[in-house]
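*Asks:* no FASTA, just this:
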């Protein structure tokens, strides 16, 4: 099944809430999409999760959201996508942990 999905990315350092994610239905209608994916750097607030979950449970649209960690895990499990979409995705080397991260 092929879906037309609106993807919105938020690189906020803090939690992303309902004030930062508005007009989901309007964006889907404008792009004639039947799905919506929100990808955030940090996390979603509970009110935003509730709002998106209500829309998803209504069953009219495919709705999902991923945090940075979830996106990174999906890429790790599907490394072939890095090559398939090398024109838009660049793999960066894993950062060495700093002494404060390792406890030394």
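*Replies:* All right, it came through fine. Being a predicted model, the structure only gives us computed values, none of them experimental.

*Asks:* residue 56: how many residues sit nearby?
*Replies:* A count of nearby residues for residue 56, using other Cβ atoms under 10 Å, gives 16. Any C-beta I mention is one placed from the backbone N, CA and C, and that applies to glycine too.

*Asks:* and what of the one 4 residues further on?
*Replies:* By the other Cβ under 10 Å criterion, the neighbourhood of residue 60 contains 11 residues.

*Asks:* for residue 17, give me its contacts.
*Replies:* Residues in contact with residue 17 (Cβ atoms under 8 Å, 6 or more residues apart in numbering) are 44, 45, 47, 48.

*Asks:* pretty sure the last one sits against residue 18.
*Replies:* Which is residue 48. Yes. Applying Cβ atoms under 8 Å as the test, residue 48 and residue 18 come out as touching, 5.1 Å apart.

*Asks:* now do the same for the spatially most central residue of the chain: its pLDDT.
*Replies:* By Cα atoms, centre = their mean, the mean C-alpha position of the chain lies nearest to residue 39, the distance being 1.6 Å. According to the prediction, residue 39 has pLDDT 96.

*Asks:* try residue 66
*Replies:* Confidence score, pLDDT, at residue 66: 95.

*Asks:* A helix includes it, no?
*Replies:* No. The assignment for residue 66 by DSSP: H, G, I helix; E, B strand; the rest coil gives strand, which leaves it out of any helix.

*Asks:* neighbours of it, how many?
*Replies:* When neighbours are counted by other Cβ under 10 Å, residue 66 comes out with 17.

*Asks:* report the beta-bridge partners for it.
*Replies:* residue 39 (DSSP bridges).

*Asks:* circling back: neighbour count for residue 48 and residue 18, which is higher?
*Replies:* residue 48 (20 against 14).

*Asks:* contacting residues for the more buried one?
*Replies:* Residues in contact with residue 48, defined by Cβ under 8 Å, 6+ apart, are 16, 17, 18, 21.

*Asks:* adding pLDDT, secondary structure and distance to residue 10 as columns, could you present those residues in JSON lines?
*Replies:* Below are the contacts of residue 48 laid out as JSON lines (pLDDT from 0 to 100; DSSP: H, G, I helix; E, B strand; the rest coil; distance: Cβ to Cβ, whole Å):
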{"residue": "16", "pLDDT": "96", "secondary structure": "strand", "distance to residue 10": "5"}
{"residue": "17", "pLDDT": "95", "secondary structure": "coil", "distance to residue 10": "10"}
{"residue": "18", "pLDDT": "95", "secondary structure": "coil", "distance to residue 10": "12"}
{"residue": "21", "pLDDT": "95", "secondary structure": "coil", "distance to residue 10": "7"}
